[in-house]
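Q: prediction below, plus the sequence it came from.
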Amino acid sequence: MEKKNGKAPKKNKVGRPPIWKDPIELKQLVFDYFNEEKKPTLAGLACFLGISRSTLYNYENKDKFLDIIKKARQKVESIYEERLIYSSSPTGVIFALKNMGWTDKWEGDITTKGKPLPTPILDGLHNNNRNSENRRSDKKD
């Protein structure tokens, strides 16, 4: 790139300009959606706002809109959680919550903090198994 007058040329901004520049305007629209909709969803909120769901999520990456989108997601998640607990058929809710990061199993390691077991412990386990087998064969004789 050539410099003009010793200055680097201005870079073109990439992407579409934001739909909302004022977070208060978006906050009011989100508020209106939750007041009008009996069974709100994030996809429903995006439709109400006239944007795609991915665009809605992208607004969460903009500092001044982060809190608004995060609270909207938490509100929908809260509704799903309530339906999970009190609904007689929670299958769809389980699917939705898993897409929001929930899991139905705990994947933790409280013993080694993700590190492999030290060799002496594993050797001890193998030796104990062999000793048990030897004791069993001794009893058979």
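A: Received the coordinates, thanks.
Q: contact partners for Leu45?
A: Leu45 makes contacts with Val30, Tyr33, Leu56, Ala72, Val76, as judged by Cβ atoms under 8 Å, 6 or more residues apart in numbering. Where C-beta positions appear, they are placed from N, C-alpha and C, glycine not excepted.
Q: so for it, what's the pLDDT?
A: If you check Leu45, the pLDDT there is 96.
Q: could you shift the numbering so residue one becomes 44, and keep it that way?
A: Okay, residue one is now 44; in that scheme the one you just asked about reads as Leu88.
Q: can you tell me how far it sits from Val119?
A: Note on Leu88: its distance to Val119, by Cβ to Cβ, to the nearest Å, is 8 Å.
Q: let me know the helix or strand that Gly157 is in.
A: Of the helices and strands defined by DSSP states H and E, none includes Gly157.
Q: how many residues are close by it?
A: Here the number of neighbours of Gly157 (other Cβ atoms under 10 Å) works out to 7.
Q: which phi and psi does it have?
A: With angles defined as degrees, to the nearest 10, Gly157 sits at phi 80, psi 0.
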